[in-house]
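# How does the following fold in three dimensions:
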Amino acid sequence: MAEVNTNNDQYNADELEAPEWLNADFIRKVLSQYENEPKLKVLDVKNSPATKKADHYASVMFRTSVDYHTEKGQFFKSLIVKAMPEQEGHKKDMLSESHIFETEIGMYAKVLPEFEKILQQAGDHTKLNANCIYYSLEPRKVLIFEDLLPLGYNLIRNRNATHEEVSCVYAKLATWHAASLKLQNEQPEFLKEFKYGLFEMPNFKNDPFVTTGMAAFLKLLDEKPEFANYRPFFEKMKNNYIQHLEAIMTEYRTNRHPDGYYVLSHGDFHLGNMMYKYNKETGAVDDCMLVDFQICNLSPITIDLIYSLYTLMGPEDRLYNWDKLYEFYFKSLLANLKKIGYKGTYPTLDGFWKQIYRHKYFDFQLVTTFLPLAWAVRTKGFGVIDLIEKEDVRHKTYRIDGYLNDLKVLLPRYEKLGYFDDLQ
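Down below sits the predicted model:
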């Protein structure tokens, strides 16, 4: 058995011990195939948790450090091994019947290479993802990537993303979305298999994590006189807002609008799924990289943006710069479409904002359910597993000062934008 880092406090319990199959023989087979070196010999393997508790949920991940020898010499690689959870519990129950590994494998094997081909033909050598060196569905679901950490990329922890960091990742998202629009226009069948978003995950819409947020939010409104004027609006939508949300998330597949804009969404566009590289001299952002493509699916162009408002932006941008960042993304999208020779009908800014408005129920779900949890993770006073699995723990997050301060700006904004008009 390979060594495992066992600093229990920082890591998920199911990542403290690597599975038996993640051993030197398995890694030898992976590397010898990837490098086309049949005589490759593994000299040493060390496994440790790849991420900390707040970084992810929908898999188990290990950092595998490998010393090995080929006919060309002795080498070292740091790998990220991502696998389906094997321990019994909520995580395995939610994910075991899902398509998340099939989706991510399809992204690495088929879609991302095609996106980069489109960009390179236009003279754009943007790198969209880490190199994937191995994937399998049988006998187990596994992906192995080149570790971005030794290449200078890091996650943002213990602070908010800066305006520059959000802008960087929005520019990359616009590049991604533009390539997907071109593919849909020229090869309409190419992306059709990417149809498994959040609401296609087994039991997602019935999970207490999803369904109990509105009741907790209404209880908060009862306790806070300054929010009392908004309670009737949320009371009106409490019984059907999840149905509205499902309609938005599955719109491309179930009720496509002729004036809608649809792209291959990342689907989980939050701060923990971004890695950044900085200029060593100036500290400026040199590059950013998206990771975790497990729920990429064809959906409205708004999905990644609205989601990121609550899970990527810090309070300053969320409250005061959000519209400028949205428009920065949109201008970047148009510039990328022009650069890569998109021949379809171009989105308009007016149409873009109308779609943002039409999908306001996504905002309502995020502000009542996800935003308090995002604040809880930020405070480091809550465990991610407890937040997802324990209702009493989630209820405590609605009293966090940062969340309450957000509501003082967000609720009046919704009213000013007309989000409470014509509620169903």
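
# Farthest from the middle of this protein: give me that residue.
residue 71 (40.1 Å; CA atoms, centre = their mean).

# correct me, but that one touches residue 35?
No. Residue 71 is beyond contact range of residue 35, at 10.7 Å (criterion: CB atoms under 8 Å). Using the backbone N, CA and C atoms, a C-beta is placed for each residue, glycine as well.

# Residue 28 versus the closest residue to the residue farthest from the centre of the chain other than its chain neighbours, what's the distance?
Distances taken as CB to CB, 6 or more residues apart in numbering put residue 39 closest to residue 71, at 6.0 Å, once the chain neighbours are dropped. To residue 28, residue 39 is 10 Å away according to CB to CB, to the nearest Å.

# swap in residue 278?
Using CB to CB, one obtains 35 Å as the distance from residue 278 to residue 28.

# and what of residue 352?
Noted for residue 352: a distance of 50 Å to residue 28, by CB to CB.

# Which one's more surrounded, residue 39 and residue 28?
residue 28 (17 against 8; other CB atoms under 10 Å).

# Hmm, residue 42 and that one touching each other?
Yes. In this structure, residue 28 is within contact of residue 42 by CB under 8 Å, at 4.5 Å.

# Identify the contacts common to these two.
Counting by CB atoms under 8 Å, 6 or more residues apart in numbering, the contacts common to residue 28 and residue 42 are residue 68.

# residue contacts, the residue nearest to the spatial centre of the chain?
By CA atoms, centre = their mean, the chain has its centre lying nearest to residue 268, at 2.4 Å. Neighbouring residues of residue 268 by CB under 8 Å, 6+ apart: 292, 294-295, 307.

# Mind picking the two most distant members of these?
Based on CB to CB, the longest span within the contacts of residue 268 runs between 294 and 307 and measures 14.3 Å.

# which of those two has more neighbours?
residue 294 (25 against 22).

# Now do the closest residue to residue 372 other than its chain neighbours: how many residues are near it, please.
Among residues not flanking residue 372 along the chain, residue 397 sits closest, at 3.9 Å (CB to CB, 6+ apart). By the criterion of other CB under 10 Å, residue 397 has 20 neighbours.

# can you tell me which of the contacts of residue 268 lies nearest to residue 381?
Residue 381 lies nearest to residue 307 out of these, by CB to CB, at 23.6 Å.

# How much space separates the closest residue to that closest one other than its chain neighbours from residue 205?
Nearest non-adjacent residue to residue 307, counting by CB to CB, 6+ apart: residue 269, 5.2 Å away. Residue 269 sits 20 Å away from residue 205 when distances are taken as CB to CB.

# And the nearest residue to residue 370 once chain neighbours are set aside, which helix or strand is it part of?
Excluding the flanking residues, the one nearest residue 370 by CB to CB, 6+ apart is residue 310, at 5.5 Å. Here residue 310 sits within helix 302-311, counting by DSSP states H and E.

# Show the contacting residues for the nearest residue to residue 374 once chain neighbours are set aside.
Nearest-residue entry for residue 374: residue 311, 5.5 Å, with adjacent residues in sequence omitted and distances by CB to CB, 6+ apart. Contact analysis of residue 311 by CB under 8 Å, 6+ apart lists 269-271, 366, 370, 374.

# Keep only those of those residues that are in helices.
The helices, defined by DSSP state H, take in residue 374 from these.

# Which one of the contacts of residue 311 sits in the busiest neighbourhood?
Counting neighbours by other CB under 10 Å, the top entry in the contacts of residue 311 is residue 271, with 24 neighbours.

# Please look at that one and residue 162 and confirm they touch.
No. If you go by CB under 8 Å, residue 271 and residue 162 don't touch, sitting 11.3 Å apart.

# you'd agree residue 78 is in a helix?
No. Secondary structure of residue 78 (DSSP: H, G, I helix; E, B strand; the rest coil): strand, not part of a helix.

# Leaving out sequence neighbours, find the closest residue to residue 230.
Excluding the flanking residues, the one nearest residue 230 by CB to CB, 6+ apart is residue 411, at 5.0 Å.

# I'd like the distance from the one you found to residue 218, if you could.
From residue 411 to residue 218 the distance is 13 Å (CB to CB).

# Same drill for the two, tell me which one is more crowded.
Using other CB under 10 Å, the more surrounded residue of residue 411 and residue 218 is residue 411, with 20 against 15.

# Quickly find the element holding that one.
Per DSSP H and E, residue 411 falls inside helix 401-417.

# Which strands or helices does that helix pack on?
When contacts are defined as 3 or more CB pairs under 8 Å, 6 or more residues apart in numbering; DSSP states H and E, helix 401-417 sits against helix 315-316, helix 360-365, helix 371-379.

# which one of the ones you listed lies closest to residue 336?
helix 360-365 (24.0 Å).
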